[in-house]
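Peer 1: got a structure for you, letters missing:
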């Protein structure tokens, strides 16, 4: 296991040793809006509660492949939460919506609709750039915004009124792991194709910094904008610099970019990120991506096999489509469970009251009892104790600005079938 220990200032104190399939990263705390402190004056733990949440996850747009696993994670968590209603008194209702992306702007109709439904929280968006388009609208309405996949460092210091949380770690962490992975692969020079938004440029910055700190040189970085459909100039610019490796910091535009690289650049020197790491299967000829690697925040898919199997069973039982990818399903599940636990602990569905309890139920208060399921954590709360939920995606443990203080970065490698598995190198 690779371990990065960080001080509050973010200085790397420990080394990198990529000998396993994931990297446990202990992130420092930074400034920001602070956690909400108000609570319902009529809070009663154990009373009847109907908690309504919304989702603004990508059903369309350049991250649409993330929508199915994220929505599945929410729906599966809802089913387990409502299975305990007779015991806990809490019922969860979910209203689903499409975030789209910054090109189709589906969020412009989705967010007002969800707020009009009087939700206590909105789970989404997946894209950091998309979340930044409506965070002011959500928190300005006094509603929690909780993303399972936002990784931009912009949120750490954002003035969010204490109402923004995320179960995904900052790009600082993924960039550190990926930059060192590329260097340890033997590359001395690196080219990047980068989405020009807060996610793409932020992650590119941290990948580059880590790669250069390891002795490498970034020789080309070419950007494109959301909505672009041709990438010939970016590919030509990067290939002209003759890099040893290429990092593709994109969303699903990678499906259009890759065919132009096949035959011109070795697949085992290509590197993917969470925004584009998916199973391509027969979308490309067999062997097109053999040896390519990528990173994805969260525990490795292999290590959460029981969860993914249960998720598959749930999808089938509910008549929902089978999942092709599981990216951020666990983070979405955990976000939903944490919102329900915080509502239960507050004895309220008021957004600020829930926000005031989210750090506590994640273990941020430091004095809770460890638990790993909604049922077990709810029992602790109903008995008058403090629950410390350790989720499917990791320990989580929010700091004072709603960032997880512990996170895992999974490392994956593509096989001959153009699908990815845990990296064993």
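Peer 2: Cool, the structure landed. Since the structure is predicted, the reported quantities are computational estimates derived from the model, not experimental observations. Residues are numbered from 1 along each chain as shown.

Peer 1: all strands for the stretch 301-425 of the chain, in order.
Peer 2: 369-371, 387-389, 406-414, 420-422 (DSSP state E, counting those that start in this stretch).

Peer 1: so which residues make contact with stretch 226-242?
Peer 2: For stretch 226-242, contacts defined as C-beta atoms under 8 Å, 6 or more residues apart in numbering pick out 62, 101-103, 129, 189, 191-193, 195-197, 219-220, 222-224, 246, 251, 253, 256-257, 260-261, 264-265. C-beta here means a position set from N, CA and C on the backbone, and glycine is covered the same way.

Peer 1: out of those, list just those in helices.
Peer 2: 129, 256, 257, 260, 261 (DSSP state H).

Peer 1: any idea how far stretch 245-261 is from the chain center?
Peer 2: Chain-centre distance of stretch 245-261: 20 Å, with C-alpha atoms, centre = their mean, to the nearest Å.

Peer 1: relative to residue 240, how far out is residue 194?
Peer 2: 16 Å (C-beta to C-beta, to the nearest Å).

Peer 1: which of the two has more residues huddled nearby?
Peer 2: Between residue 194 and residue 240, counting by other C-beta atoms under 10 Å, residue 194 is the more crowded of the two (24 against 12).

Peer 1: tell me the pLDDT at the more buried one?
Peer 2: If you check residue 194, the pLDDT there is 98.

Peer 1: partner residues bridging it?
Peer 2: Taking DSSP bridges as the rule, residue 194 bridges to residue 223, residue 249.

Peer 1: I'd say it and residue 206 touch.
Peer 2: No - using C-beta atoms under 8 Å as the test, residue 194 is too far from residue 206 to be in contact (11.9 Å).

Peer 1: and the strands of the stretch 301-425 of the chain, which is most packed in?
Peer 2: The highest mean neighbour count among the strands of the stretch 301-425 of the chain, using mean count of other C-beta atoms under 10 Å, belongs to strand 387-389: a mean of 25.

Peer 1: from residue 359, how far out is the residue lying closest to residue 363 once chain neighbours are set aside?
Peer 2: Using C-beta to C-beta, 6 or more residues apart in numbering and skipping residues adjacent in sequence, the residue nearest residue 363 is residue 388, 3.7 Å away. Computed as C-beta to C-beta, the residue 388 to residue 359 distance reads 11 Å.

Peer 1: what number of residues lie near residue 237?
Peer 2: 15.

Peer 1: doesn't it fall inside a helix?
Peer 2: Yes - the assignment for residue 237 (DSSP: H, G, I helix; E, B strand; the rest coil) places it in a helix.

Peer 1: and it, how far from residue 220?
Peer 2: Distance from residue 237 to residue 220, by C-beta to C-beta: 6 Å.

Peer 1: same question for residue 407.
Peer 2: Taking C-beta to C-beta, one finds residue 407 at 30 Å from residue 220.

Peer 1: so, low pLDDT: which residues of this structure?
Peer 2: 1-44, 46 (pLDDT under 70).
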